[in-house]
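> fold the stuff below for me.
(2 chains)
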Amino acid sequence: MIPEIGLAALWLAAALAVLQMVSGAFALKAAEGAVNPLAIYARPAAVVQAFLAVLAFLMLLWSFAITDLSIKLVASNSHSMKPLLYKLTGTWGNHEGSMLLWVGVLALSGGLLAGFEKRLPERTMGATLAVQGFVALGFYAFLLLSSNPFERLPVPAAEGTGLNPLLQDIGLAIHPPTLYAGYVGLSVAFSLAMGALLTNQVNPSFARVLRPWVLGAWVLLTFGITAGSYWAYYELGWGGWWFWDPVENASLMPWLAATALMHSVSVLAARDALRTWTIMLGVLAFSMSMLGTFLVRSGVLTSVHAFAVDPERGAFILGLLGLYIGGAFTIFALRAGAVAEGKRFAIASREGALVFNNVMLSAILAIVLLGTLYPLLTEVFDVRVSVGPPYFNPAGAIFAIPMLLVMAVGPLLRWKSDKPARLQFELALIASLVIGVIALVSFFGQFPLLPLLGLGLAAALAVAAFLPLRGRNLARVPVATWGMVLAHFGIAVSLFGMACEGAFSQERLAAVAPGGTEQIGDFAVTLESVTPVAGPNWTAIEARLAVSRDGGEPVILNPQARNFWSPPQSTSESALLTRWDGQLYAVIGNQAEDGRWQIRVWWKPFVTFIWYGGLLIALGGILAIAGRVKVDVKRRAAVTKGAERRADVEALDVASPVPAE
Amino acid sequence: MKAKHQRLVLVIIALVAIIGAGLLAAWSLRNQANYFYLPEQMASAPPEVGQAVRLGGMVKAGSIKTEADGVTVNFLVTGNTADAIPVRYSGILPDLFVENSGVVAEGSLGPDGVFMATNLLAKHDENYVPKELEGMGTDQAAKMAAETTVGLK
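Numbering: from 1, shown residues only, chains lettered A, B, ... in the order given. As a prediction, the model looks like this:
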């Protein structure tokens, strides 16, 4: 019964998406200020649709929780012996479930937009909801026609087949849902941008409506990428934190576009400049999140993440991708000319710096996009290549380095136009920090170029992030400005972590007999014993490593080589020793013929800063949202107060006519 | 600067940067893309020494030898012909790295003709096969089996 309720809710939600689309489109027909009688259904349709789609997802969640093996999806992705937490996260650890999560979040955000956003003109809102309904409809069709999550088995299975053990991890519980919510937030930004473009409302008040969605999506993407990177780092057991894997790139590309969009929206809100550019970035950001979904969901990539190996589904998502992106760029091309030119600005101004960095972000996006698609393109011609760090790192850095330098200076510039001479001190400080740190580090040893540049830039950025606060009363700095300072500082922290990992990492690989000791950096690693252990659905070989730094008190680490039996697969569970200045990363391998065990240990100085930086960036985004909301609440309160006062005055006027002067 | 001009200038700058990025990407992809070789391809037209490539094939039976340090292994990778490429790898072997099983080695050819692998991708589980080995389907495997069993008749 439960799955049938879910399926019925999905069909109803799809029908409401049609209503929302049609009714929203009628809003466009209404004259300025008037309300079309058919346009009033769009908002309620979006709200009810949100309830239904969330209901469908909850039904699936429930089916996974009780392991209802009569449902095909549960039987093929779950197992009655699995811990409850992983039963629940298994709901979105597969193709159908994750697509249902995606439409659930999409409908929910559409419902929130329809329910709470009252600042936009009705016509713009109608057009926005029509686009939102159109996007949602495509995904409902995809779910219902080609990947029904509630499909029953003719005969219930006796036992489930289990979940990929790599995905049985707390990282999976948070990583995909946050990324999806980020993707979907960008879809709302896209709908708003389309709505504003269709009704010619690209102006600062539109930007203020758009901004929280972009900021929210960006925070979630930042958080999702950070969590995903850490998950890959400790779960895959290779000691790397970013692999330029197509699936990682699929999440990085929308983030790059969203970062550009977020800054451009701020310019539009504050200065009424960059109108068309903002709309273009809105379309681009959504296209990238669609492309990300296509790459991950269609099975064109064979990796842990590609659950769907079904060409029909791939074709379906490719069709949706073409329809949305093609349609969006067509509307953009037709309507962009009608958007009036925004306010002008000089090259040396805050807008100028933001535009420069927007272009750099787009260029990095192009580099990542081409590098990700190239292997797919060549495969069509039967040439198999893979593209990795030797391409992405230098090609990306060519654009990232000027971007980071401009990022250090940009927030110090004034809006509209500024004289660089005014910033002599700051410019000299930033330049001397970059050069000084690089010179100092090169003095102590030979390091690769990119980490070296990274260290110099990180030091300069860390200081530059706080320069906008110089000479200001800290108590009166707006919350949103603190958000910017924190996010920019987070970039510096993250960059520092990446550069240190690249420049100073040490690795030791050895075959060790029990009792033997290996030295890495300041650490002495002793293999005490190797024992077999068992978990709820796996067995493992566990090493007991005693790690002591500079002869200090030893700490025990337990890396494991695990064998899961349903589905049969083996994983390497790394063991981490975290210190404030870095992490020791240990992995156990096979046993050599002579009885020694292979041990691989890394000392990665300051590697944790990569993810601390990511969290700081996300926190900065949260502060920016909080600041905007605070201002908005204050403004609304002031408006209400003003209206009350006016009403009072009017009431007084009626009571006592103004005396003649 | 006139208003119309400013928009034009912005569009041109953006286009120049994006096209520049595209050209840079195309140029460095040609140089940096990591090509995939079968053993017979590597034997007949070897890549330059030191160039990062990938080698995929089957681990030859009886060829896995572990050196005295316990972490360096040498083995031979064979393909559809008699060509066998010697591979050397230092590191933790993938769990399903066994003789007569598919493997993809990432690395580069050394001056001595030994392929220095920096990473090995073997089958993750019985359902997952490295992408490059998928092409070696049943017919090729059957052909390979037929070739290797000729002497048994």
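> quick one: stretch A:406-421 near chain B?
No - taking CB under 8 Å from any CB of the partner chain as the criterion, stretch A:406-421 and chain B are apart, separated by no less than 11.4 Å. Placement of C-beta: from N, CA and C, glycine included.
> which residues are contacting whichever strand or helix holds residue A:547?
In the assignment (DSSP states H and E), residue A:547 maps to strand A:538-549. The contact list for strand A:538-549 (CB atoms under 8 Å, 6 or more residues apart in numbering or on different chains) reads A:165, A:522-534, A:554-565, A:573, A:575, A:577, A:579, A:584, A:586, A:588, A:597, A:599.
> any of these buried? List them.
The neighbour-count test (16 or more other CB atoms under 10 Å in any protein chain shown) marks A:165, A:523-527, A:530, A:554, A:557, A:559-564, A:573, A:575, A:577, A:584, A:586, A:588, A:597, A:599 as buried among those.
> which of the residues you listed fall within strands?
Among these, DSSP state E puts A:523-527, A:530, A:557, A:560-564, A:573, A:575, A:577, A:584, A:586, A:588, A:597, A:599 in strands.
> contacting chain B as well, which ones from those?
Restricting those to those near chain B - CB under 8 Å from any CB - leaves A:561, A:563, A:588.
> could you dump the residues you listed into CSV and include distance to residue A:253 and pLDDT?
Formatted as CSV, these follow (distance: CB to CB, whole Å; pLDDT from 0 to 100):
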residue, distance to residue A:253, pLDDT
A:561, 35, 86
A:563, 36, 81
A:588, 36, 88
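> now render these as TSV, adding distance to residue B:100.
Output for those, formatted as TSV (distance: CB to CB, whole Å):
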residue	distance to residue B:100
A:561	22
A:563	21
A:588	26
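> okay, and residue A:604 sits in which element?
Assigned by DSSP H and E, residue A:604 falls in strand A:597-605.
> that strand vs strand A:538-549, what angle?
In terms of direction (axes from the mean of the first three to the mean of the last three CA atoms, to 10 degrees), strand A:597-605 departs from strand A:538-549 by 50 degrees.
> skipping adjacent residues, who's closest to the closest residue to chain A within chain B in space?
Nearest to chain A, among the residues of chain B, is residue B:70, at 2.3 Å (CB to the nearest CB). Closest residue to residue B:70 apart from its sequence neighbours, by CB to CB, 6 or more residues apart in numbering or on different chains: residue A:511 at 2.3 Å.
> what about the strand holding residue A:547, average pLDDT?
What strand A:538-549 shows for mean pLDDT is 89.
> quick one: that strand to strand A:560-565, angle?
Using the same axes, to 10 degrees, strand A:538-549 lies at 170 degrees relative to strand A:560-565.
> which stretch of helix or strand covers residue B:49?
Using DSSP H and E, no helix or strand contains residue B:49.
> okay, now it: neighbour count?
Neighbour count of residue B:49, defined by other CB atoms under 10 Å in any protein chain shown: 11.
> domains of chain A?
A:1-168, A:419-504+A:609-637, A:508-605 (automatic domain parsing).
> tell me the most buried of the ones you listed?
domain A:1-168 (a mean of 20; mean count of other CB atoms under 10 Å in any protein chain shown).
> so which residue is dead centre in chain B?
residue B:54 (1.7 Å; CA atoms, centre = their mean).
> find me the pLDDT at that residue, would you?
Model confidence at residue B:54 (pLDDT) stands at 84.
> ok, it - contacts?
Contact analysis of residue B:54 by CB under 8 Å, 6+ apart lists A:386, B:34, B:35, B:36, B:37, B:104, B:105, B:106, B:107, B:132.
> those residues in strands, which ones?
The members of the contacts of residue B:54 that map onto strands under DSSP E are A:386, B:34, B:35, B:36, B:37, B:104, B:105, B:106, B:107.
> any chance of a markdown table for the contacts of residue B:54, columns distance to residue A:14?
Shown next, in a markdown table, are those (distance: CB to CB, whole Å):
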| residue | distance to residue A:14 |
| --- | --- |
| A:386 | 39 |
| B:34 | 44 |
| B:35 | 46 |
| B:36 | 43 |
| B:37 | 49 |
| B:104 | 43 |
| B:105 | 49 |
| B:106 | 45 |
| B:107 | 51 |
| B:132 | 40 |
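> ok, the nearest residue to residue A:464 once chain neighbours are set aside - how many residues close by?
Excluding its sequence neighbours, the residue lying closest to residue A:464 (CB to CB, 6+ apart) is residue A:408, at 3.7 Å. By other CB under 10 Å, 27 other residues sit near residue A:408.
> so residue A:408 makes contact with residue A:430?
Yes - judged on CB atoms under 8 Å, residue A:408 makes contact with residue A:430 at a distance of 5.1 Å.
> in contact with the residue most central in space within chain A, which residues?
Residue closest to the average C-alpha location in chain A (CA atoms, centre = their mean): residue A:221, at 1.3 Å. Contacts here follow CB under 8 Å, 6+ apart; on that basis residue A:221 touches A:178, A:179, A:182, A:183, A:251, A:254, A:255, A:258.
> which of the residues you listed sit farthest apart?
Greatest spatial distance among these (CB to CB): A:178 and A:258, at 13.4 Å.
> looking at those two, which is more packed in?
For residue A:178 versus residue A:258, the count of surrounding residues by other CB under 10 Å is larger for residue A:258: 31 against 21.
> what helix or strand is the more buried one on?
helix A:246-271.
> mean confidence (pLDDT) on that helix, please.
Here the average pLDDT along helix A:246-271 is 91.
> off-centre distance for it?
Relative to the chain's own centre, helix A:246-271 is displaced by 10 Å; criterion: CA atoms, centre = their mean, to the nearest Å.
> give the helix, strand or coil label for the residue of chain B closest to chain A.
Following DSSP: H, G, I helix; E, B strand; the rest coil, we place residue B:70 in the coil state.
> need the phi and psi values for it.
phi 80, psi -10 (degrees, to the nearest 10).
> isn't it right next to residue A:590, touching?
No - if you go by CB under 8 Å, residue B:70 and residue A:590 don't touch, sitting 9.6 Å apart.
> now the strands for chain B?
Taking DSSP E as the test, the strands found in chain B are B:34-37, B:52-59, B:65-66, B:72-78, B:84-90, B:102-109, B:115-122.
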